[in-house]
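*Asks:* coords below, sequence missing:
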């Protein structure tokens with residue numbers, strides 16, 4: 001499994017909340033980024049699979065559609 005480098009999240013200049021609010025906002029942003037990364041990895045995995053079995057191909061197409069829908073919902 002690849003180890004990801006965490007980059008510090010930049011505080012927006014308009015942020016006027018408390019430090020705990022800022023930490024929560026940064027944690028939410030990081031969680032969102034990890035979800036997108038995980039879905040992109042799933043998509044790559046699905047696209048890399050080859051099969052001549054029509055049932056398996058249909059399942060892969062359905063899985064790809066599901067992952068793309070989740071990505072669209074997050075963006």
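*Replies:* Nice, I can see it. Model, not experiment: these values are computed from the prediction. Numbering: from 1, shown residues only.

*Asks:* tell me what the helix or strand hosting residue 73 is packed against?
*Replies:* Counting by DSSP states H and E, the secondary-structure element that holds residue 73 is helix 54-74. On a contact count with 3 or more C-beta pairs under 8 Å, 6 or more residues apart in numbering; DSSP states H and E, helix 54-74 meets helix 19-48. No exception for glycine: its C-beta is placed from N, CA and C like everyone else's.

*Asks:* I'd like the mean pLDDT over the helix it packs on, please.
*Replies:* In this model, helix 19-48 has an average pLDDT of 94.

*Asks:* ok, residue 67 - how many residues close by?
*Replies:* Residues lying near residue 67 (other C-beta atoms under 10 Å) number 20.

*Asks:* contacting residues around it?
*Replies:* 39, 42-43, 46 (C-beta atoms under 8 Å, 6 or more residues apart in numbering).

*Asks:* Tell me how far it lies from residue 33.
*Replies:* Residue 67 sits 16 Å away from residue 33, going by C-beta to C-beta, to the nearest Å.

*Asks:* hmm, back to that, could you find the two of the contacts of residue 67 that are most distant from each other?
*Replies:* Farthest pair in the contacts of residue 67 (C-beta to C-beta) is 39 and 46. Separation: 10.5 Å.

*Asks:* Please report how far the most centrally placed residue in the chain lies from residue 54.
*Replies:* With distances taken as C-alpha atoms, centre = their mean, residue 36 lies nearest the centre of the chain, 1.1 Å away. Distance of residue 36 to residue 54, computed by C-beta to C-beta: 31 Å.

*Asks:* now residue 64
*Replies:* From residue 64 to residue 54 the distance is 15 Å (C-beta to C-beta).

*Asks:* neighbour-wise, which of the two wins?
*Replies:* residue 64 (16 against 8).

*Asks:* Not counting residues beside it along the chain, what's closest to the more buried one?
*Replies:* Leaving aside its chain neighbours, residue 64 sits nearest to residue 46 (4.8 Å; criterion: C-beta to C-beta, 6 or more residues apart in numbering).
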